[in-house]
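**Student:** After the sequence you'll find the predicted model.
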Amino acid sequence: MKHYLLSVVQPADGTPPAADALAAIMRDVEAFNDELRAAGAWVFAGGLHGPETATVLRPENGDVLITDGPYAEGKEYLGGLCLIRAADLDEALEWGRKAAVATTLPIEVRPFVDQH
């Protein structure tokens with residue numbers, strides 16, 4: 001089994017869903033996580049606070065410069081992630097498809113490097 005990262009792509013300027021719609025999304029996400037667990041594919045998952053809460057540490061001249069805010073600003077940001085185990089890319093993409101349906105957001109699927 002290989003590890004894949006499912007990244008939840010959150011729009012920076014999106015209006016949050018209404019409370020009842022958000023509750024339905026969260027139920028769908030929990031059901032997705034339960035399905036991952038039952039299949040033995042779940043490793044870790046979680047949502048992230050907005051990019052305004054980020055702190056960036058940059059190496060500079062043998063020291064580390066600390067700055068507030070995201071590393072890069074854009075129209076979207078990493079809103080959450082899910083680390084899974086899958087036999088191959090096709091299986092990981094199927095999990096990504098299910099994650100996109102559950103979250104109603106784009107999902108980026110990426111394999112980890114050098115796995116055997």
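**Tutor:** Cool, got the structure.

**Student:** switch to C-alpha atoms for all contacts and neighbour counts from now on
**Tutor:** Will do.

**Student:** Quick check: phi and psi on Leu105?
**Tutor:** Phi and psi for Leu105, reported as degrees, to the nearest 10, are phi -130, psi 160.

**Student:** My read is that it contacts Val8, right?
**Tutor:** Yes: judged on C-alpha atoms under 8 Å, Leu105 makes contact with Val8 at a distance of 6.6 Å.

**Student:** State the mean pLDDT of stretch 109-116.
**Tutor:** For stretch 109-116, mean pLDDT is 88.

**Student:** how about that stretch as CSV, C-alpha atoms only?
**Tutor:** C-alpha atoms of stretch 109-116 as CSV (Å, rounded to 0.1, in the frame of the first residue of the first chain):
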residue,chain,number,x,y,z
VAL,A,109,-4.6,13.8,-4.9
ARG,A,110,-0.8,13.4,-4.6
PRO,A,111,1.4,10.4,-4.0
PHE,A,112,4.2,10.4,-1.5
VAL,A,113,7.7,10.0,-2.9
ASP,A,114,9.8,6.8,-3.0
GLN,A,115,7.3,4.3,-1.7
HIS,A,116,7.7,0.6,-2.5
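
**Student:** tell me how far that stretch is from the chain's mean position?
**Tutor:** 16 Å (C-alpha atoms, centre = their mean, to the nearest Å).

**Student:** Brilliant, that's me finished.
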